[in-house]
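Enquirer: Sequence first, predicted coordinates after that:
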Amino acid sequence: MGGEFQAAFWAAKRAMATASEEAYKRHGVRAGQQFLLYELWDEDGLTPGELARRLGLAVPTVTRTATRMESAGILRREPHPTDARLVRLRLTERGHELKELMTAEVATLTEKALGTLDQADRERFIGYLNEVRANLTTPTV
């Protein structure tokens, strides 16, 4: 059972990652950048450190990703209003426009991935995935 679970899980994860990367790439978004976008759509103007904490990433990782996104015209850096050592990351008009495009891509991708499941099976499947995550992240006594 263990080998079958691992193989099925990793194959599904790989297929989802590949399909997601292809969908995002159509809009000039590289893999991983969507996570910064989600946070900035929720609260624009975060610092790289704030983003790193929210996403569980190292600050240099966020900084490198933000630099690529800035080059692509998705965000811009602005001086922090009270701390000259910091910058705030602000979405450009293009960055804001991506929200609708990416939301549509995610909806299409989700429907493709879950299309053969009815609503009850979808809800159970999502519940099972949440249970697997909780099982792996909850400390054992």
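Expert: All right, it came through fine. Just so you know, these numbers come straight off a predicted model, no measurement behind them.
Enquirer: drop to CA atoms for contacts and neighbour counts, all remaining ones
Expert: Noted.
Enquirer: measure A66 to T140 for me?
Expert: 37 Å (C-alpha to C-alpha, to the nearest Å).
Enquirer: what's the helix or strand hosting R53 packed up against?
Expert: Under the criterion of DSSP states H and E, R53 resides in helix 48-55. Contacts defined by 3 or more C-alpha pairs under 8 Å, 6 or more residues apart in numbering; DSSP states H and E place helix 48-55 against helix 33-42, helix 59-71, strand 87-91.
Enquirer: Which residues does the second one contact?
Expert: By C-alpha atoms under 8 Å, 6 or more residues apart in numbering, the list of residues contacting helix 59-71 from outside reads 29, 33, 48-49, 51-52, 75-77, 89.
Enquirer: now do 10 Å
Expert: Here helix 59-71 makes contact (C-alpha atoms under 10 Å, 6 or more residues apart in numbering) with 28-33, 36-37, 47-53, 55, 72-77, 89-92, 95.
Enquirer: Same check on stretch 105-112?
Expert: Contacts for stretch 105-112 (C-alpha under 10 Å, 6+ apart): 16, 19-20, 23-24, 26-27, 99, 102-104, 113, 115, 117.
Enquirer: Tell me how far the closest residue to R77 other than its chain neighbours lies from E123.
Expert: Once flanking residues are discounted, R77 sits nearest to L89: 4.9 Å by C-alpha to C-alpha, 6 or more residues apart in numbering. As judged by C-alpha to C-alpha, L89 and E123 stand 36 Å apart.
Enquirer: likewise K25?
Expert: 29 Å.
Enquirer: How about T67?
Expert: Distance from T67 to E123, by C-alpha to C-alpha: 38 Å.
Enquirer: Those two: who's more crowded?
Expert: Between T67 and E123, counting by other C-alpha atoms under 10 Å, T67 is the more crowded of the two (16 against 11).
Enquirer: can you tell me the helix or strand for R77?
Expert: strand 75-79.
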